[in-house]
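A.B. asks: Okay, predicted coordinates and the sequence, questions at the end:
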Amino acid sequence: MAAVAAATADDPVPAHEELEESSQELDDEISVPVPEALEGEPTPLSEASINEELIKEPFTTPDPAESAAEADAKCQARLAAAIARGDDDPVACTSWNTTASVSKLRAAVDAWPTPDWCDDNGANGKWYVNRFKACGIFVAKTNVHDVRTGRLLGSLDYLVRAYAYGKRDIKTWAYQVELMEVDSWGEAKGLSANGSTKCAGKCKTTESTFPSQVMSKTKEAVGQFFFDTTIKTTPKGDKGEGQATAAWRFTKGAWVSNELTLPTPPVRCDNALPGTSKAGCVMPYIPSMAYAKSGEYPELAKHIEFAQTTMNLPGKHGTTRYLTRLTDKKQIRANRNAACPSSLERLPSQQCDEYPFASTWQGAKSGGGDFSRRMINGKQNEEGGKALGRFYLYNRIIEKDKFLVWIK
């Protein structure tokens with residue numbers, strides 16, 4: 001198997017720290033489509049390692065078990081308020097729960113085109129993320145009550161498919177929600193949905209489209225939103241998080257349901273990627289650089305495996321002992337010189353390889369002295385380093401961003 005990060009153009013770009021800040025070569029390279037394998041396996045945001053290590057504020061997804069009682073109390077309050085006003089129209093209450101069977105939910109999920117990495121998990125109410133995409137399928141319900149008696153007049157079970165996505169080289173990102181009917185009866189048949197959005201943090205809404213749309217089992221209601229980061233494009237080095245929230249409600253005749261909201265994962269945008277002037281945005285996913293022992297850099301891969309397993313050095317895929325990127329060129333050189341001084345004897349075909357990488361805060365000098373070095377094939381060392389540079393580039397790994405190294 002070839003090393004994952006090697007699947008790039010025929011002419012590799014120079015190692016990342018060797019490029020000048022105004023390099024047009026890297027500006028062009030950052031716009032090249034990322035090799036599919038570099039995007040990483042989507043990870044649920046509910047995993048503790050992600051919540052604890054990356055997201056500054058707790059990020060929660062709708063929890064039907066916790067919200068059912070609260071939703072019922074709010075619905076009773078809306079009924080009481082409607083009676084007090086002397087309303088005659090039904091009261092519709094929407095919440096994050098469902099009474100639809102698992103088979104009906106599965107059938108509804110399968111009926112609509114959804115990315116496999118999102119669809120395969122079903123309607124489990126979790127966000128799944130990689131570096132540039134987030135997707136989740138959530139269940140919700142709307143009950144329609146008689147305003148005088150509280151009697152149930154109808155109900156709608158539906159799915160919310162949410163999809164957020166951005167690119168590594170633009171300051172705009174998008175959010176789409178689709179409301180898909182699973183089952184309905186009575187007064188809840190033929191409901192119309194409409195919505196809006198807002199963005200908190202370093203972002204602004206540039207387009208919000210969620211007009212009133214009648215829902216049925218063959219027609220979903222769609223909201224589409226676009227956002228721009230508000231970080232500064234000059235001088236270089238700015239970064240910040242934004243988080244969008246979609247909101248929608250249902251109408252039929254004169255009555256309107258309560259509003260339901262769903263926030264995206266936080267999106268980090270930056271103008272701080274060394275070597276390029278292009279801003280870009282990423283999702284809260286910690287990527288892994290992959291090297292294969294049977295790939296293009298076997299000696300490099302075997303050295304890293306030894307360093308991670310035998311010497312217990314950080315950065316191993318599947319752990320939370322992350323490597324963090326270092327971008328200062330002087331400190332990178334100091335790390336390299338500490339691990340591989342010029343006084344070390346080398347064969348003509350060999351170079352000194354160090355782990356953790358010199359371009360990390362865990363390097364030989366900045367990391368406190370715990371490192372491994374080994375003389376390996378010089379060509380493998382050079383090309384493996386360039387692959388690491390492309391990994392930084394494609395994933396927008398900026399100063400102190402976390403990542404792991406996966407030896408396959």
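C.D. replies: Cool, the structure landed. Fair warning: this is a prediction, and the values are worked out from it, not measured in the lab. Numbers count the residues shown, from 1 in each chain.

A.B. asks: Residue 74 contacts residue 96, doesn't it?
C.D. replies: No: if you go by CB atoms under 8 Å, residue 74 and residue 96 don't touch, sitting 11.9 Å apart. (Glycine included, C-beta is placed from N, CA and C.)

A.B. asks: buried stuff in stretch 297-304?
C.D. replies: 297-301, 303-304 (16 or more other CB atoms under 10 Å).

A.B. asks: how about the helices in the stretch 201-350 of the chain?
C.D. replies: Along the stretch 201-350 of the chain, the segments classed as helices by DSSP state H, counting those that start in this stretch run 298-309, 329-339.

A.B. asks: doesn't residue 291 make contact with residue 304?
C.D. replies: Yes: checked against CB under 8 Å, the pair residue 304 and residue 291 is within contact range at 6.3 Å.

A.B. asks: shared neighbours of those two, anything?
C.D. replies: By CB atoms under 8 Å, 6 or more residues apart in numbering, residue 304 and residue 291 have these common neighbours: 405, 407.

A.B. asks: List the contacts of stretch 195-204.
C.D. replies: 175, 177, 205, 208, 210, 223, 225, 227-231, 240-249, 266-267, 269.

A.B. asks: if I pick residue 304, what's in contact with it?
C.D. replies: Per CB under 8 Å, 6+ apart, neighbours of residue 304: 291, 355, 405, 407.

A.B. asks: Need those residues in CSV (columns: distance to residue 367, secondary structure and neighbour count).
C.D. replies: Converted to CSV, the contacts of residue 304 look like this (distance: CB to CB, whole Å; DSSP: H, G, I helix; E, B strand; the rest coil; neighbours: other CB atoms under 10 Å):
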residue, distance to residue 367, secondary structure, neighbour count
291, 20, strand, 26
355, 11, strand, 27
405, 14, strand, 26
407, 19, strand, 22
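
A.B. asks: so which of the residues you listed would you say is closest to residue 139?
C.D. replies: Nearest to residue 139 out of the contacts of residue 304 is residue 405 (CB to CB; 37.7 Å).

A.B. asks: Report the beta-bridge partners for that closest one.
C.D. replies: In this entry, residue 405 is beta-bridged to residue 289, residue 316, by DSSP bridges.

A.B. asks: returning to what we had before: of all the helices of the stretch 201-350 of the chain, which one comes closest to residue 350?
C.D. replies: helix 298-309 (9.3 Å).

A.B. asks: Where does pLDDT dip in the protein?
C.D. replies: 1-42, 44-68, 108-109, 111-114, 120 (pLDDT under 70).

A.B. asks: Please identify the residue most distant from the middle of it.
C.D. replies: residue 86 (47.1 Å; CA atoms, centre = their mean).

A.B. asks: I am finished for the moment; much appreciated.
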